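> here's a sequence, model it:
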Amino acid sequence: MLSSEDWYKEVVREGVVICRACGAPNPTMGACGVGAITVHQEYVCEACGHWFTAVFALTGCYDGIEDT
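Below you'll find the predicted structure:
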(Lines give C-alpha, C1' and ligand atoms only; values in the text may rest on other atoms or scores of the structure.)
Protein backbone atom coordinates (compact mmCIF):
# COMPACT_ATOMS: atom_id res chain seq x y z
CA MET A 1 0.00 0.00 0.00
CA LEU A 2 1.29 3.47 -0.88
CA SER A 3 2.05 5.86 1.96
CA SER A 4 0.16 9.14 1.93
CA GLU A 5 3.23 10.96 0.55
CA ASP A 6 3.88 8.37 -2.17
CA TRP A 7 0.19 8.35 -3.14
CA TYR A 8 0.27 12.17 -3.47
CA LYS A 9 3.37 12.02 -5.71
CA GLU A 10 1.76 9.40 -7.98
CA VAL A 11 -1.52 11.31 -8.28
CA VAL A 12 0.31 14.55 -9.17
CA ARG A 13 2.61 12.75 -11.63
CA GLU A 14 -0.19 10.82 -13.36
CA GLY A 15 -2.86 13.53 -13.11
CA VAL A 16 -5.46 10.98 -12.01
CA VAL A 17 -6.57 9.63 -8.63
CA ILE A 18 -5.44 6.04 -8.05
CA CYS A 19 -6.21 3.43 -5.38
CA ARG A 20 -3.66 3.49 -2.53
CA ALA A 21 -3.84 -0.29 -2.19
CA CYS A 22 -3.68 -1.65 -5.77
CA GLY A 23 -2.94 1.40 -7.97
CA ALA A 24 -6.08 1.04 -10.09
CA PRO A 25 -7.07 4.36 -11.72
CA ASN A 26 -10.23 6.34 -10.98
CA PRO A 27 -11.67 4.84 -7.79
CA THR A 28 -15.33 5.68 -7.19
CA MET A 29 -15.98 8.88 -5.22
CA GLY A 30 -18.09 8.71 -2.08
CA ALA A 31 -19.03 11.34 0.48
CA CYS A 32 -17.27 14.71 0.38
CA GLY A 33 -16.72 17.12 3.27
CA VAL A 34 -15.83 20.73 2.50
CA GLY A 35 -14.05 22.87 5.10
CA ALA A 36 -12.68 26.41 5.03
CA ILE A 37 -9.44 25.40 3.28
CA THR A 38 -9.69 21.62 2.85
CA VAL A 39 -11.85 19.05 1.10
CA HIS A 40 -12.09 15.47 2.41
CA GLN A 41 -13.10 13.10 -0.40
CA GLU A 42 -13.90 9.45 0.29
CA TYR A 43 -13.05 6.85 -2.36
CA VAL A 44 -13.69 3.13 -2.83
CA CYS A 45 -11.73 1.07 -5.33
CA GLU A 46 -13.98 -1.14 -7.46
CA ALA A 47 -10.97 -3.35 -8.33
CA CYS A 48 -9.94 -4.35 -4.79
CA GLY A 49 -12.61 -2.91 -2.45
CA HIS A 50 -10.20 -0.65 -0.51
CA TRP A 51 -11.75 2.47 1.08
CA PHE A 52 -9.69 5.61 1.72
CA THR A 53 -10.11 9.35 2.22
CA ALA A 54 -8.08 11.95 0.35
CA VAL A 55 -7.52 15.44 1.78
CA PHE A 56 -7.19 18.28 -0.71
CA ALA A 57 -6.08 21.76 0.43
CA LEU A 58 -6.41 25.29 -0.92
CA THR A 59 -3.16 26.09 -2.70
CA GLY A 60 -3.92 29.29 -4.60
CA CYS A 61 -6.48 31.07 -6.74
CA TYR A 62 -7.11 32.31 -10.27
CA ASP A 63 -9.41 34.86 -11.88
CA GLY A 64 -12.89 33.60 -12.71
CA ILE A 65 -14.75 34.01 -15.97
CA GLU A 66 -16.79 37.20 -16.25
CA ASP A 67 -20.52 36.90 -16.84
CA THR A 68 -21.54 38.00 -20.32
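> give the residue spans of this structure that score low on pLDDT.
68 (pLDDT under 70).
> go with 50
Applying pLDDT under 50 to the chain picks out no residues at all.
> need the strands for it, in chain order.
Ranges of strands within the chain are 28-34, 38-44, 51-57, based on DSSP state E.
> for the last one, buried residues please.
Translated: strand 51-57. 52, 54 (16 or more other C-beta atoms under 10 Å). Placement of C-beta: from N, CA and C, glycine included.
> angle of it against strand 28-34?
Interaxial angle, strand 51-57 versus strand 28-34 (axes from the mean of the first three to the mean of the last three C-alpha atoms, to 10 degrees): 40 degrees.
> for strand 51-57, which strands pair with it and how are they oriented?
Taking DSSP bridges as the criterion, strand 51-57 forms sheet pairs with strand 38-44 (antiparallel).
> hmm, who's touching the strand it pairs with?
With contact meaning C-beta atoms under 8 Å, 6 or more residues apart in numbering, strand 38-44 is reached by 17, 19, 27-33, 50-58.
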